[in-house]
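> everything below, folded, please.
(one chain, ligands or ions: 2)
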Amino acid sequence: MSVLIKRLTLIGVGLIGASLAQALRKRDLVGEIVGVDRRRASLDYALEQGIIDRVETHAARGVEGATLVLIATPVSTIVSMVEDCVAGLGRGVVVTDVGSVKGRIVERCEALMPEGCAFVGGHPIAGREHSGVEAALASLFDGARTILTPSSVTPRWALELVTEMWESVGATVESMEPHWHDQVLAATSHLPHLMAYNVVNTLSDLEDHLRTEVFRYAASGFRDFTRIASSDPTMWRDICLENKDAILSILGRFKSDLEKLTKRVEEEDADGLYGIFARSKDTRARILQENKILRGE
Ligand SMILES: NC(=O)c1ccc[n+]([C@@H]2O[C@H](COP(=O)([O-])OP(=O)(O)OC[C@H]3O[C@@H](n4cnc5c(N)ncnc54)[C@H](O)[C@@H]3O)[C@@H](O)[C@H]2O)c1
Ligand SMILES: O=C(O)C(=O)C[C@]1(C(=O)O)C=C[C@@H](O)C=C1
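Ligands and ions are numbered 1, 2, ... in the order given. Purely as a prediction, here's the structure:
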């Protein structure tokens, strides 16, 4: 394959940014990769591993001569990162991001684009509970989905470049309206993370003796359910702040369902309990059958 991106500037050389850089590099799809990050140790590691070719400390200098700029920092910083790099953008540069929340971020980044440049909102639905450049994997997006959130102002050429980039590293690309994306992801990704964090905290707040026993006997069910509670607290704090309304809405529904379940237990309602569990088991079986990405195929 020929080079797709002559010069990529990666702002945020962490798990997602470095994984994409590695995946592009492995396929010879990128010429030069310039890294910008506030953590010097991440830049040094990325240089040593050949994930990036050179380091720039200032975003505006880092994007000079870039074909594509990828912002891969926490969601609370994406707009200010774009503000910082605007002065260095040449004509025809595409700026894209990987943030887990899109609505207002996309609106504000689009509005910051100088004449001839374009912002394309993006979100790979793939990740790990480990963060940082040391956790990067070239195979992370293989078989995953990436959601792009173009709007009426997104030029076709910019959308095509970002689409081709994600498809070339093995992802299936789909488009979504940014605020709709935030509602959907609040349910499918943000709610489960909040639940996992909360379950671990509920158990760790138990009285000393009980807590020790609870964690001692924790097994595969606990491990599978709470894997994502090992995720980066900064990332999840920022997601909650940025997607507040959609998260509150789905949490409200979850609380009401939990109350119904609590009532069924209180009333020793065997049929009611069976109904709740059977419906959930059937739903999960059906969505696994319909969704080959979820099955890991
Ligand atoms: N981890 C996941 O599973 C996952 C999946 C999809 C999307 N995302 C999104 O991708 C983005 C990056 O997440 P990640 O998991 O790669 O995080 P990460 O912590 O591994 O990487 C983020 C990098 O940004 C750097 N950084 C933070 N603030 C900065 C600043 N002000 N200036 C310069 N650099 C800064 C950090 O030093 C770090 O190297 C987030 O917006 C997140 O919502 C994460
Ligand atoms: O596999 C994981 O560890 C993840 O949590 C990845 C996951 C998710 O599926 O919810 C988390 C947040 C991102 O925005 C996208 C993907």
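> pull out the buried residues from stretch 13-31.
13-25, 29-30 (16 or more other CB atoms under 10 Å). Yep, even glycine has a C-beta here, placed from its N, CA and C like the rest.
> export it to PDB, keeping only CA atoms.
Extracted as PDB, the C-alpha positions of stretch 13-31 are listed here (Å, rounded to 0.1, in the frame of the first residue of the first chain):
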ATOM      1  CA  VAL A  13       1.000   9.900  22.800                       C
ATOM      2  CA  GLY A  14      -1.000   7.500  25.000                       C
ATOM      3  CA  LEU A  15      -2.900   4.200  24.600                       C
ATOM      4  CA  ILE A  16      -5.200   5.200  21.700                       C
ATOM      5  CA  GLY A  17      -2.900   7.600  19.800                       C
ATOM      6  CA  ALA A  18       0.200   5.400  20.000                       C
ATOM      7  CA  SER A  19      -1.900   2.300  19.000                       C
ATOM      8  CA  LEU A  20      -3.100   4.000  15.900                       C
ATOM      9  CA  ALA A  21       0.400   5.300  15.100                       C
ATOM     10  CA  GLN A  22       1.800   1.700  15.500                       C
ATOM     11  CA  ALA A  23      -1.000   0.300  13.300                       C
ATOM     12  CA  LEU A  24      -0.400   2.800  10.500                       C
ATOM     13  CA  ARG A  25       3.400   2.400  10.700                       C
ATOM     14  CA  LYS A  26       3.100  -1.400  10.600                       C
ATOM     15  CA  ARG A  27       1.300  -1.100   7.200                       C
ATOM     16  CA  ASP A  28       3.700   1.600   5.900                       C
ATOM     17  CA  LEU A  29       0.800   4.000   5.600                       C
ATOM     18  CA  VAL A  30       2.500   7.000   7.200                       C
ATOM     19  CA  GLY A  31       5.600   8.900   6.300                       C
END
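> and ligand 1, which of the buried residues of stretch 13-31 reach it?
Contacts with ligand 1 within these, as defined by CB under 6 Å from any ligand atom: 13-17.
> how many other residues sit next to residue 208?
When neighbours are counted by other CB atoms under 10 Å, residue 208 registers 7.
> tell me how far it lies from residue 214.
Noted for residue 208: a distance of 11 Å to residue 214, by CB to CB, to the nearest Å.
> would you map out the domains in the chain?
Domain ranges of the chain: 5-176, 180-266, per automatic domain parsing.
> got CSV for the ones you listed, with distance to residue 273 too?
Putting the domains of the chain into CSV (distance: least, CB to CB, whole Å) gives the following:
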stretch, distance to residue 273
domain 5-176, 31
domain 180-266, 5
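> can you list the ones you listed in a markdown table and add mean pLDDT?
Below are the domains of the chain laid out as a markdown table (pLDDT from 0 to 100):
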| stretch | mean pLDDT |
| --- | --- |
| domain 5-176 | 97 |
| domain 180-266 | 97 |
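> comparing these, which comes out most buried?
Among the domains of the chain, domain 5-176 has the highest mean neighbour count (mean count of other CB atoms under 10 Å), at a mean of 19.
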